[in-house]
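Student: sequence and computational prediction follow.
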Amino acid sequence: MYNSILQFNEQCSEKLENIVGLILNSEGDINDLTQSVQNEVLKLGTGIVKEVIEKVDRELNAAIDRKKYYTVEKKNEPKQLLDVMGSINYTRTGYEDKKTGKYIYLVDRIMGISPHQRLTLAAAARTIEEAAETSYSKGGSNASIVDNTSKQAVKELIHGLEIKPISEELVEKKKIRYLHMVADEDHVSAQFWDKRGDLSIDKSGRKQNTIMPKVICLYEDVIDLGKEGSGNHRNKLIGKHYFGGVYEGTVKNEELWQEVQDYIDDVYDEEFLERVYISGDGANWIKTGTTVVDKSVFVLDKFHMMKYINTATVHLWDSVEDAKELIWDAIESSDKDALEAVTEEILRVTESDKKAIEVKNMYRYLINNWEGISIRNVDKGGCWPCCAEGQVSHILSKRMSSRPMGWSKHGCDQITKLRVYINNGGKILDLLKEQKKGLVELAKVENDKLTIKTLKVKQKAYSAIDTLNVDIPGIDHSNMSWLREMINSGFKLSNI
């Protein structure tokens with residue numbers, strides 16, 4: 001720390017003097033000054049961290065209690081950590097635990113640096129946030145202000161995350177009468193399922209390579225932010241919360257909906273809650289939600305109704321709008337007979353066999369989801385302006401299917417859950433801290449690594465420093481007795 005500050009004082013002062021001289025001679029500007037200051041400050045930051053780590057390492061090596069339990073195996077072992085400030089390159093001592101025979105870096109353990117860690121949590125958080133939004137490559141470039149990490153390292157970092165749902169801490173549960181959900185899935189191209197080369201081929205010779213991540217958006221209400229009378233609607237969802245991931249099969253789908261139910265239990269007063277509306281395209285996994293979520297009913301998404309109706313009537317030319325009006329009249333009045341009549345009339349004037357199939361598909365789709373259609377007409381608690389497609393685009397398509405990309409199933413699941421976590425207001429740094437805390441607790445339970453139990457820092461008051469050209473009280477590099485005392489008095493082992 002002393003050396004870094006001294007070096008900063010000497011080198012930075014000289015560089016700043018030169019830059020100011022260039023500016024005064026019209027050969028430089030404020031950008032040169034700010035860039036130079038940034039570079040020197042970042043070097044100072046990484047230099048201070050390096051010195052502190054190496055000083056702690058030396059004091060650990062000299063500690064009396066250390067010699068009882070650990071034998072020095074190697075000195076000056078290099079380690080590099082990428083931080084937001086840049087690369088921190090330091091050396092440390094490797095020890096053998098006399099009791100277990102295991103190899104350990106004591107200073108890394110004290111500093112909370114795991115054996116294979118290559119990024120500080122701050123750098124990892126920046127990397128993950130960018131990778132969740134754009135790409136692994138850009139995530140690696142965003143790890144640090146001056147350095148970056150590889151695309152593969154970013155992938156491994158994200159694949160290793162444990163992403164847990166955000167828990168709500170409320171003084172009092174919300175009293176909401178109606179809750180709404182829109183549910184849908186995206187179609188994402190797979191490079192492989194679990195390992196390269198494991199994609200199957202169908203009878204037509206095409207690869208079976210579609211992953212279908214799911215997303216559910218729960219909300220309490222919709223407000224229109226558009227200017228009154230303008231005709232432009234800008235809907236905003238109130239109380240929005242997302243759920244999602246790659247959930248395959250009946251059991252996994254039920255797990256997804258149970259996450260939704262658990263959230264409702266935690267956040268809303270269920271005695272006050274009257275109805276939960278689950279809107280979607282009628283897929284079985286969406287309807288499964290009504291068997292898991294209390295007080296829920298299925299509602300057919302209007303977007304998908306329109307999609308089928310438009311496909312079934314596009315060939316009618318001048319009569320398209322008339323046909324659509326008759327279909328919508330039947331839907332809005334919940335009149336099955338009227339829908340059957342207009343379908344038969346469309347089939348009567350349809351010459352193409354392909355188009356006839358599309359007309360029949362429309363009728364079958366609407367009839368199979370008639371209960372989900374009728375609820376829109378008879379239940380006045382519903383609020384229907386939100387469309388599932390918009391939520392899929394926002395959470396899934398924007399990152400995973402709007403551009404040519406290939407995914408593994410696990411990678412697709414992780415990115416989906418990350419985007420859900422971030423859009424729910426989660427902080428990646430908090431997620432990383434929680435995961436690291438879990439790993440430390442697991443290590444203690446398994447008792448496979450020794451840790452230093454107590455390390456009390458003795459605080460001292462330091463007098464004002466008039467100049468860096470004199471020894472700094474308390475951090476004199478030739479003394480620093482406070483650090484040695486701290487280690488000797490606090491060097492305890494958790495299992496001894």
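Tutor: Structure received. The model shown is predicted, which means the values in this text are computed figures rather than measured ones.

Student: any idea how far the residue of the chain most remote from its centre lies from residue 341?
Tutor: Largest separation from the mean C-alpha position in the chain: residue 348, at 52.8 Å (C-alpha atoms, centre = their mean). Per C-beta to C-beta, to the nearest Å, residue 348 is found 11 Å from residue 341. From N, CA and C alone the C-beta is placed, and that goes for glycine too.

Student: for the residue farthest from the centre of the chain, phi and psi?
Tutor: Dihedral pair for residue 348: phi -60, psi -30, per degrees, to the nearest 10.

Student: how close does it get to residue 395?
Tutor: Applying C-beta to C-beta, the value for residue 348 to residue 395 is 43 Å.

Student: how about residue 122?
Tutor: 26 Å.

Student: if you count what's nearby, which of the two comes out ahead?
Tutor: residue 395 (24 against 17; other C-beta atoms under 10 Å).

Student: show me what counts as buried in the helix ranked longest in the chain.
Tutor: Taking DSSP state H as the criterion, the chain has its longest helix at helix 30-62. The neighbour-count check on helix 30-62 (16 or more other C-beta atoms under 10 Å) flags 33, 36, 40, 42-61 as buried.

Student: cool, stretch 397-410 as well?
Tutor: 397, 399, 400, 401, 407, 408, 409.

Student: now, the residues you listed that are in strands?
Tutor: Of the positions in those, not one sits in strands, assigned by DSSP state E.

Student: any idea which of those is least confident?
Tutor: Taking the buried residues of stretch 397-410 together, the minimum pLDDT is found at residue 401 (78).

Student: list the contacts of it.
Tutor: Contact partners of residue 401, counting by C-beta atoms under 8 Å, 6 or more residues apart in numbering, are 186, 187, 188, 189.

Student: one more time with 7 Å
Tutor: 186, 187, 188 (C-beta atoms under 7 Å, 6 or more residues apart in numbering).

Student: out of the residues you listed, flag the one nearest to residue 174.
Tutor: residue 186 (29.7 Å; C-beta to C-beta).

Student: what does that closest one show for phi and psi?
Tutor: Backbone torsions for residue 186, taken as degrees, to the nearest 10, come to phi -110, psi 160.

Student: what's the distance between the nearest residue to it once chain neighbours are set aside and residue 184?
Tutor: Of all residues not flanking residue 186 in the chain, residue 396 sits nearest, at 3.9 Å (C-beta to C-beta, 6 or more residues apart in numbering). Using C-beta to C-beta, residue 396 is found at 9 Å from residue 184.

Student: list residues touching both of those two?
Tutor: Common contact partners of residue 396 and residue 184 (C-beta under 7 Å, 6+ apart): residue 215.

Student: hang on, isn't residue 23 packed against residue 29?
Tutor: Yes - counting by C-beta atoms under 7 Å, residue 23 does reach residue 29; the two are 6.3 Å apart.

Student: quick check: next helix or strand after the longest helix of the chain?
Tutor: helix 64-69 (DSSP states H and E).

Student: in three-state terms, label residue 90 for me.
Tutor: On the three-state scheme (DSSP: H, G, I helix; E, B strand; the rest coil), residue 90 is labelled strand.

Student: neighbours of it, how many?
Tutor: By other C-beta under 10 Å, the residues close to residue 90 number 22.

Student: kindly report the same for residue 289.
Tutor: Using other C-beta under 10 Å, residue 289 is surrounded by 23 other residues.

Student: isn't there a strand covering residue 344?
Tutor: No - assigned with three-state DSSP, residue 344 falls outside any strand and is helix.

Student: so what pLDDT did it get?
Tutor: 95.

Student: poorly predicted segments of the chain, please.
Tutor: Low-confidence segments of the chain, defined by pLDDT under 70, span residues 1-13, 205, 226-231, 233, 380-389, 404, 438-496.

Student: and the strands in it?
Tutor: Under the criterion DSSP E, the chain contains strands at 70-83, 86-97, 103-104, 178-185, 188-189, 210-211, 214-219, 221-224, 235-238, 241-245, 275-280, 296-300.
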